[in-house]
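**Student:** Have a look at this prediction, sequence included:
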Amino acid sequence: MSTAAIIDPFAKELFASMEDSDCAFAAIDYNYNFLYINKLAEKFYGKKRDELLNKNVRVLFPELWEFGPFKNGRKAVAAKQAFQMEYDSPFAKKWVQLTGKPYDNFYTYTYRVIDFKSHLRDQLRNEMKKRK
């Protein structure tokens, strides 16, 4: 976690809650520098935390800077707007649902892999909850 993120108690709590999430989760500042990534985001991006934290997204992934979903995500970040999209991820090599959410000092990305198995599992969980 970066120093900037540690100073903000809300950010610290949010990031801690996402550490063991079943989704890849990352936070950036509004200059596109990584502030936080969870364990799954390390796998998703194919890089260790220390290779990502406090580094600029454009510098780390120049080949993807103009890639359609990246470009659309950047527009949402610049406008400080929430967004959601599905796309074929060059990182995961699978379809993902990307949700972006703005906060005062940072922006979060949550990536959920979309596949038939996980979709069925979620439906089963929902049905089990209804029966209780």
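**Tutor:** Thanks, I have it.
**Student:** can you point me to the longest helix in the chain?
**Tutor:** helix 116-131 (DSSP state H).
**Student:** how far out from the middle of the chain is that one?
**Tutor:** Helix 116-131 sits 23 Å away from the centroid of its parent chain (Cα atoms, centre = their mean, to the nearest Å).
**Student:** What mean pLDDT does that helix get?
**Tutor:** On average, the pLDDT along helix 116-131 is 77.
**Student:** Export it to CSV, keeping only CA atoms.
**Tutor:** The C-alpha atoms that make up helix 116-131 are tabulated as CSV, following Å, rounded to 0.1, in the frame of the first residue of the first chain:
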residue,chain,number,x,y,z
PHE,A,116,-20.1,-20.0,-17.3
LYS,A,117,-19.0,-21.9,-14.2
SER,A,118,-18.8,-18.9,-11.9
HIS,A,119,-22.1,-17.6,-13.2
LEU,A,120,-23.8,-20.9,-12.4
ARG,A,121,-22.1,-21.0,-9.0
ASP,A,122,-23.4,-17.5,-8.2
GLN,A,123,-26.9,-18.5,-9.3
LEU,A,124,-26.7,-21.6,-7.0
ARG,A,125,-25.6,-19.4,-4.1
ASN,A,126,-28.5,-17.0,-4.6
GLU,A,127,-31.0,-19.9,-4.8
MET,A,128,-29.5,-21.4,-1.5
LYS,A,129,-29.9,-18.0,0.2
LYS,A,130,-33.5,-17.7,-0.9
ARG,A,131,-34.3,-21.1,0.6
